[in-house]
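[1] no sequence on hand, only this structure:
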């Protein structure tokens, strides 16, 4: 039998001490497409709702979408907007600041 090899351990690696909330697939797809998305999706409430919905929907369900003239499969979670979304001007200052920082992290990950 072959034993799996374990990668080297880097004792000098720095680990972040802050968790960045994860928004819904819908919000991430809007960012990738450089489309407008409400900041609420990046707030703790929006990320909590995305987490709750991802548990309740089937992760392996796909829908059809037209991409560059071709038909492609996309995850169903990326099609549906939240019914609880708040407009940016309805967010509290605390929600706005938290959501803004999360938004900036995610657009940086998408290469904006």
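    It's in. This one's a predicted model, so the numbers in the text were calculated from it and none came from an experiment.
[2] where does the residue nearest the centre of the chain sit: helix, strand or coil?
    Centroid-nearest residue in the chain, with CA atoms, centre = their mean: residue 23, separated by 3.4 Å. Assigned with DSSP: H, G, I helix; E, B strand; the rest coil, residue 23 falls in the coil class.
[3] so it sits right up against residue 47, yeah?
    Yes. Residue 23 lies in contact with residue 47 (CB atoms under 8 Å); the separation is 5.5 Å. All C-beta atoms are positioned from the backbone trio N, CA, C, and that covers glycine.
[4] please tell me how far the closest residue to residue 87 other than its chain neighbours sits from residue 17.
    Counting by CB to CB, 6 or more residues apart in numbering, residue 87 lies nearest to residue 38, which is 6.3 Å off, once chain neighbours are set aside. Counting by CB to CB, to the nearest Å, the gap from residue 38 to residue 17 is 28 Å.
[5] report how many residues lie close to residue 101.
    For residue 101, the neighbour count with other CB atoms under 10 Å is 14.
[6] for it, what are phi and psi?
    phi -70, psi -40 (degrees, to the nearest 10).
[7] more crowded one of residue 38 and residue 17?
    Using other CB under 10 Å, the more surrounded residue of residue 38 and residue 17 is residue 38, with 20 against 5.
[8] which residue, other than its chain neighbours, is closest to residue 66?
    In space, and not counting its chain neighbours, residue 66 is closest to residue 72: 7.6 Å by CB to CB, 6+ apart.
[9] got the contact list for that neighbour?
    64, 65, 66 (CB atoms under 8 Å, 6 or more residues apart in numbering).
[10] does residue 106 really touch residue 24, like I thought?
    No. With contact defined as CB under 8 Å, residue 106 does not reach residue 24; the gap is 11.2 Å.
[11] what about the nearest residue to the residue nearest to the centre of the chain once chain neighbours are set aside, how many residues nearby?
    Nearest residue to residue 23, sequence neighbours excluded (CB to CB, 6+ apart): residue 41, at 4.7 Å. Residues contacting residue 41 under the criterion other CB under 10 Å number 27.
[12] so how far is stretch 19-31 from its chain's centroid?
    With CA atoms, centre = their mean, to the nearest Å as the basis, stretch 19-31 stands 2 Å off its chain's centre.
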